[in-house]
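Participant: the sequence isn't on hand, but the structure is:
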């Protein structure tokens, strides 16, 4: 039931001053992001052996394995982009809480269905639909917190919320690592059943998380005649849309190419070294765990920089570090230990830049275009990342992903340069 919007109240300055609504919205968004992270990388960690199984290939060196893996990842990223736009529009029209519940239900059910895939294209389809929900959850959850939690807390809220994704990814690495101890080789598909658990969150969200008062007031002010998505490309909002989309496209392409291809590169190094099959998955999962553990530290480092320098300088500096780390890691041939225990975690640290987008991006747009704008700009980068995953992956020699990964460094540095033109003032600054 929708509550009656009231006048804005004084912002809290201490945790004890937060209202029950603020706590509930924060918990809902954080858990949604945690399960986002879990769903995101279950496939990444088991991609190669699962696709080998579905294609009935003899080994991971089969060119079809790399090709189909790239197509599946590309479909996932395209679905993410479409879901960000679609659920972003729903978030502005139906409300943040309702849209959040729909996104969680979508990715939970379809991730579970991945365990039933019998062909590579069935797996691609289930991953595509699951990605619709994951892409939508980002914009809806970010807007929910931007409209309910104190504005002055945003750099730290961004860091805390982004840790939800990282904790989910860590949980995914632990789940895969533990299951490989008990499941025989060829049983990787069953890890996707863990992805059904978030569906339980939907019932709690719909029962306990109310719609933000800011959204209710904006809805009442326009008598429920919401502006359309075309408004993102008109007037003063157009410049914000284009600049933000460019940065997101470059940076997310770099990051998701790294996140997908580096476990495959590490796996290849271990195979070449003659490491037993069961040990390979555990070592790759451990390396993946460390990358995301350092990403949590990076989230708070980025928040610290934003508090002192502002969002834009902090984003630029973190992307410079991200690019240098990627070039350093893959500019020359390195062994598994050097990459897994130093260079890749360093890259994970600088990915903390993405945590800043959580609270920085939604307020760049008016209230009734907030999830639409954030969803479009952030998730359009998934399309570019999808193209990059296919193109760079297919251009690299079979079984050698280092060339593809080296390109990620150039994209990250281009994102740093483009970030110099990100907006400084938010829509809230313009109307206050």
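Facilitator: Yep, it's here. Note that the structure is predicted; figures quoted are calculated from it, not measured.
Participant: could you list the low-pLDDT ranges of the stretch 201-350 of the chain?
Facilitator: Low-confidence segments of the stretch 201-350 of the chain (pLDDT under 70): 223-225.
Participant: okay, now residue 233: neighbour count?
Facilitator: Neighbourhood size, residue 233 [other Cβ atoms under 10 Å]: 11. In short, each C-beta sits where N, CA and C put it, glycine included.
Participant: give me every residue that touches it.
Facilitator: Applying Cβ atoms under 8 Å, 6 or more residues apart in numbering to residue 233 gives the contacts residue 241.
Participant: what helix or strand is residue 227 on?
Facilitator: Counting by DSSP states H and E, there is no helix or strand that carries residue 227.
Participant: how far away is it from residue 408?
Facilitator: Distance, residue 227 to residue 408, using Cβ to Cβ, to the nearest Å: 36 Å.
Participant: higher neighbour count, those two?
Facilitator: Neighbour comparison, residue 227 and residue 408: the larger count goes to residue 408, with 28 against 15 (by other Cβ under 10 Å).
Participant: and the helix or strand encompassing the more buried one, what does it pack against?
Facilitator: Secondary structure assignment for residue 408, by DSSP H and E: helix 402-418. Judged by 3 or more Cβ pairs under 8 Å, 6 or more residues apart in numbering; DSSP states H and E, helix 402-418 is in contact with helix 235-272, helix 311-330, helix 370-395.
Participant: so which of those helices is the most surrounded?
Facilitator: Neighbour counts (mean count of other Cβ atoms under 10 Å) averaged over each of the helices and strands packed on helix 402-418 peak at helix 370-395, with a mean of 25.
Participant: taking the mean pLDDT, what do you get for that one?
Facilitator: Helix 370-395 carries an average pLDDT of 73.
Participant: closest one to residue 158 among the helices and strands packed on helix 402-418?
Facilitator: Closest of the helices and strands packed on helix 402-418 to residue 158 is helix 311-330, at 9.1 Å (criterion: Cβ to Cβ).
Participant: now do that closest one: distance to the chain's middle.
Facilitator: Put simply, helix 311-330 sits 18 Å off its chain's centre (Cα atoms, centre = their mean, to the nearest Å).
Participant: which other helices and strands contact the helix or strand following that helix?
Facilitator: Once the chain leaves helix 311-330, the next helix or strand it forms, by DSSP H and E, is helix 336-338. Here helix 336-338 touches helix 235-272, going by 3+ Cβ pairs under 8 Å, 6+ apart.
Participant: what angle sits between the helix it packs on and helix 311-330?
Facilitator: Angle, helix 235-272 to helix 311-330, by axes from the mean of the first three to the mean of the last three Cα atoms, to 10 degrees: 20 degrees.
Participant: and the following helix or strand past helix 235-272, what does it pack onto?
Facilitator: Sequence-wise, the next helix or strand downstream of helix 235-272 (DSSP H and E) is helix 277-309. Counting contacts by 3+ Cβ pairs under 8 Å, 6+ apart, helix 277-309 packs against helix 20-55, helix 154-182, helix 235-272, helix 311-330, helix 344-350, helix 353-360.
Participant: can you give me the buried ones in the first one?
Facilitator: What that stands for is helix 20-55. By 16 or more other Cβ atoms under 10 Å, the buried positions in helix 20-55 come out as 21-22, 24-26, 28-55.
Participant: what's the neighbour count on the closest residue in space to residue 136 that isn't next to it in sequence?
Facilitator: What sits nearest to residue 136 in space, not counting adjacent residues and going by Cβ to Cβ, 6 or more residues apart in numbering, is residue 87, at 2.4 Å. Neighbourhood size, residue 87 [other Cβ under 10 Å]: 29.
Participant: show me what contacts residue 87?
Facilitator: Shown in contact with residue 87 (Cβ under 8 Å, 6+ apart): 99, 102-103, 132-133, 135-137, 139-140, 371, 375.
Participant: including distance to residue 119, could the helices and strands packed on helix 277-309 go into CSV?
Facilitator: Below are those laid out as CSV (distance: least, Cβ to Cβ, whole Å):
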stretch, distance to residue 119
helix 20-55, 6
helix 154-182, 22
helix 235-272, 21
helix 311-330, 33
helix 344-350, 32
helix 353-360, 33
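Participant: for residue 209, which of those is the nearest?
Facilitator: For residue 209, the closest of the helices and strands packed on helix 277-309 is helix 20-55, at 4.7 Å, according to Cβ to Cβ.
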